[in-house]
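Engineer: Build the 3D model from these lines:
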Amino acid sequence: MFPQSITAGQVAELSVMPTQANIGKNVTITLQGERQGLKQTETITVEAIEGENTLEPEAAGMREKFTDWLSINHPELGITNDTTWIGTIVNPRILVVMHYIFLSENWEMYVTWHVMIPPYDWARIYLRHRYNQTAPTYAFEISSVQEQAQPQTIEVPDWI
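Structural biologist: Numbers count the residues shown, from 1 in each chain. Got it, this is the predicted structure:
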């Protein structure tokens with residue numbers, strides 16, 4: 001978990017990396033937190049599935065379509081072509097709509113795109129500032145990737 005200790009208004013992040021022995025099994029994660037004498041425990045179960053991260057090149061290409069635009073149109077976010085990202089697949093079993101998440105030092109960028117023909121070939125990103133936000137506060141969409149539409153601001157959906 002990072003950071004190990006948080007103060008009011010901060011958010012901790014937890015990454016779970018299953019071992020090969022966990023593939024095909026449910027993994028139970030129990031989180032415990034304590035602040036000012038109040039203790040809380042949360043338990044979740046996820047299935048560890050086998051797969052390879054073959055989406056990264058395509059996901060990075062989608063991300064770059066937004067970072068170019070963000071660096072010009074939203075310089076206050078500090079996201080540029082020089083921002084360093086690490087990423088991983090999200091929802092690997094869903095076809096047609098792809099999901100990928102990237103983390104920079106300051107941002108979580110959830111990238112999702114629809115693998116179809118124009119005008120149904122959209123791409124979207126949702127941005128969450130790491131360590132002090134629990135949900136994205138910015139969302140942007142390219143309505144048609146192949147038609148090279150420019151990103152537009154959209155509402156952050158409730159499901160995010």
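Engineer: and Q40, bridged to which residues?
Structural biologist: Bridge pairing for Q40 (DSSP bridges) gives the partners G33.
Engineer: Least confident secondary structure element in this protein?
Structural biologist: strand 26-35 (a mean of 85; mean pLDDT, DSSP states H and E).
Engineer: Give the buried residues for that strand.
Structural biologist: Buried residues in strand 26-35, counting neighbours by 16 or more other C-beta atoms under 10 Å, are absent. Yep, even glycine has a C-beta here, placed from its N, CA and C like the rest.
Engineer: Please apply the same query to stretch 126-137.
Structural biologist: For stretch 126-137, burial by neighbour count (16+ other C-beta under 10 Å) applies to Y126, L127, R128, Y131, P136.
Engineer: Check which helices and strands the least confident helix or strand of the chain sits against.
Structural biologist: Under the contact criterion of 3 or more C-beta pairs under 8 Å, 6 or more residues apart in numbering; DSSP states H and E, strand 26-35 touches strand 38-47.
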